[in-house]
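K.L.:
next comes the sequence, and after it the predicted model I'd like to discuss.
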Amino acid sequence: MIYLELFLSFMKIGLFSIGGGYAAMPLIQAQAVDIHGWLTMTQFADLMTIAEMTPGPIAVNSATFVGIQTAGIPGALVATAGCVLPGSLIVLLLAYLYYRYRGLSYIQGVLLGLRPAVIAMIASAGLSLIILSVYGQRALPADLTAVQWIPLLIFVAALTVLRLKKPDPIKVMAAAGVAGIVLLSIF
Amino acid sequence: MEKTEKPGKLNQFLKLFTSSFMLSACTFGGGFVIIPLMKKKFVDELHYIDEDEMLDLTAIAQSSPGAIAVNAATLVGYRVGGLAGAIVSLTATVLPPLIIISVISSFYQAFRDNIYVSYAMSGMLAGVAAVITDVVLRMGTDLVRSRKAVPVIMMLLSFIAVRYFHLNIIMVILICGCIGALQIWTSSRAEKERGF
């Protein structure tokens, strides 16, 4: 049953995305694209783009998007509930323990141990998006020089600005969108 | 007693709902961005929570799985109004993205076929790839600069395992979590042996 599958998949995403921000991204890719095939890689890339441009956490945005695409509004509600349930239950449990014992060092230690893995997985998912953006397909082609020049140019320009000036990412994304419309219309 | 308390409590829940809803609706980019805004609203403006407690709640929100914004909202709601408060602010935080993405998603198919939309999407995809690369580079250099061998090796091995051996991500998280816990355990044992 699709509702149960959505609920359980997004519960896994909620339960194992530790470290906030982009940590959910590789898990969403694994569940929605690789395991269940609810989204194509292009739809996943669109979703990450939309999630970055709209308010709210990536996991919640993705749950709503995947839910609605596969099973309408009820699907969106079920998937979103699944994705926030583990975190909010665990947070309440930790709050209870915290007010009782006033110590979180052990949990923070585990968190520190997870950090390298989280970075590695975000890097892997990020690399998938770069390949899709620059080559227009999911896997690296045999001929590595067969790049799409305009997205590559936008990528390099955006990364340079981000590294040097640390601007608001939303502004970078908006500028990249405008650059896409202008450059791809002309060339 | 009950009668005098009730309107006040209802009012507080309403305030909690509208505050959380507005905060969530106006927070782009997710992650950590919402924490300072929440502090401003609930600590400085509404005085529901004091500053030190907000810091601790932030640490708990970060230590738990799931979105930080959702976790932090749950905690603030819990502090203000117990379990009912937690449900109120959790719902208020989830609603804005739920509504916005539902609307976008309904138009997505028609919208995606437009040539200019597709140009914009391909530009923005390059942009989001750059944003994520920047995040990874920043987190990665922080880790390398800490000059600890084990985390750096764990990062490289995790990357290879996920990327080239397609190891299940959840497995990698569990294994690295265990290694982290083991490291804490051995270092606290070493401290004990030194006579603490």
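P.N.:
Received the coordinates, thanks.

K.L.:
only C-alpha atoms from now on, for both contacts and neighbour counts.
P.N.:
Fine.

K.L.:
next SSE downstream of the longest helix anywhere in chain B?
P.N.:
Longest helix of chain B, by residue count under DSSP state H: helix B:68-112. Counting by DSSP states H and E, the next helix or strand C-terminal to helix B:68-112 is helix B:115-145.

K.L.:
and the angle from that next one to helix B:68-112?
P.N.:
Orientation note: helix B:115-145 sits at an angle of 150 degrees relative to helix B:68-112 (axes from the mean of the first three to the mean of the last three Cα atoms, to 10 degrees).

K.L.:
which helices and strands does helix B:115-145 pack with?
P.N.:
If you count contacts as 3 or more Cα pairs under 8 Å, 6 or more residues apart in numbering or on different chains; DSSP states H and E, helix B:115-145 packs onto helix A:41-53, helix A:105-135, helix A:149-165, helix A:169-186, helix B:149-163.

K.L.:
and it, what's buried?
P.N.:
B:116, B:118-136, B:139-140, B:143 (16 or more other Cα atoms under 10 Å in any protein chain shown).

K.L.:
could you list the low-confidence segments of chain B?
P.N.:
Where chain B drops to pLDDT under 70, the residues are B:1-7, B:29-33, B:194-196.

K.L.:
now do the helix or strand of chain A with the lowest mean pLDDT against helix A:41-53, angle only.
P.N.:
Least confident helix or strand, chain A: helix A:105-135 with a mean of 84, by mean pLDDT, DSSP states H and E. Here helix A:105-135 runs at an angle of 120 degrees relative to helix A:41-53 (the same axes, to 10 degrees).

K.L.:
what packs against helix A:105-135?
P.N.:
By 3+ Cα pairs under 8 Å, 6+ apart, helix A:105-135 packs against helix A:24-28, helix A:149-165, helix B:51-63, helix B:115-145, helix B:149-163, helix B:169-193.

K.L.:
and those helices as CSV, adding distance to residue A:42?
P.N.:
Below are the helices and strands packed on helix A:105-135 laid out as CSV (distance: least, Cα to Cα, whole Å):
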stretch, distance to residue A:42
helix A:24-28, 14
helix A:149-165, 14
helix B:51-63, 31
helix B:115-145, 10
helix B:149-163, 19
helix B:169-193, 21
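
K.L.:
can you tell which of the ones you listed is closest to residue A:86?
P.N.:
helix B:51-63 (12.3 Å; Cα to Cα).

K.L.:
hmm, stretch A:45-65 in reach of chain B?
P.N.:
Yes - applying Cα under 8 Å from any Cα of the partner chain, one finds stretch A:45-65 touching chain B at A:45-46, A:48-49, A:51-61, A:64-65.

K.L.:
and the residue nearest the centre of the chain?
P.N.:
Assuming you mean chain A. Centrality entry for chain A: nearest residue to the mean C-alpha point is residue A:25, 2.8 Å, by Cα atoms, centre = their mean.

K.L.:
actually chain B
P.N.:
Note: chain B centre (Cα atoms, centre = their mean) maps to residue B:68, 2.0 Å.

K.L.:
measure that one to residue B:62 for me?
P.N.:
In this view, residue B:68 and residue B:62 are 6 Å apart by Cα to Cα, to the nearest Å.

K.L.:
what's in contact with stretch A:76-87?
P.N.:
Here stretch A:76-87 makes contact (Cα atoms under 8 Å, 6 or more residues apart in numbering or on different chains) with A:3, A:6-15, A:59-60, A:63-68, B:64-67, B:70-71, B:98, B:102.

K.L.:
if we use 6 Å, what do you get?
P.N.:
Applying Cα atoms under 6 Å, 6 or more residues apart in numbering or on different chains, the external contacts of stretch A:76-87 come out as A:6-7, A:10-11, A:14-15, A:60, A:63-64, A:67-68, B:65-66.

K.L.:
who in chain B is up against chain A?
P.N.:
B:25, B:27-31, B:64-68, B:71, B:97-98, B:116, B:119-120, B:123-127, B:129-130, B:132, B:136, B:151, B:155, B:158-159, B:176-177, B:180-181 (Cα under 6 Å from any Cα of the partner chain).

K.L.:
pLDDT weak spots in chain A?
P.N.:
Low-confidence segments of chain A (pLDDT under 70): A:20-21, A:101-109.

K.L.:
please parse it into its domains.
P.N.:
Under the assignment automatic domain parsing, the domains of chain A span A:2-142, A:148-187.

K.L.:
which one is residue B:78 nearest to, not counting chain neighbours?
P.N.:
Leaving aside its sequence neighbours, residue B:78 sits nearest to residue B:86 (Cα to Cα, 6 or more residues apart in numbering or on different chains; 4.3 Å).

K.L.:
report how many residues lie close to that neighbour.
P.N.:
For residue B:86, the neighbour count with other Cα atoms under 10 Å in any protein chain shown is 25.

K.L.:
any idea how far residue A:95 is from it?
P.N.:
Distance, residue B:86 to residue A:95, using Cα to Cα: 12 Å.

K.L.:
skipping adjacent residues, who's closest to residue A:32 in space?
P.N.:
Using Cα to Cα, 6+ apart, the closest residue to residue A:32 is residue A:38 (5.2 Å).

K.L.:
which SS class is that neighbour?
P.N.:
Following DSSP: H, G, I helix; E, B strand; the rest coil, residue A:38 is assigned to coil.

K.L.:
I figured it hits residue A:31, correct?
P.N.:
No - contact criterion Cα atoms under 6 Å: residue A:38 and residue A:31 do not qualify, at 8.5 Å.
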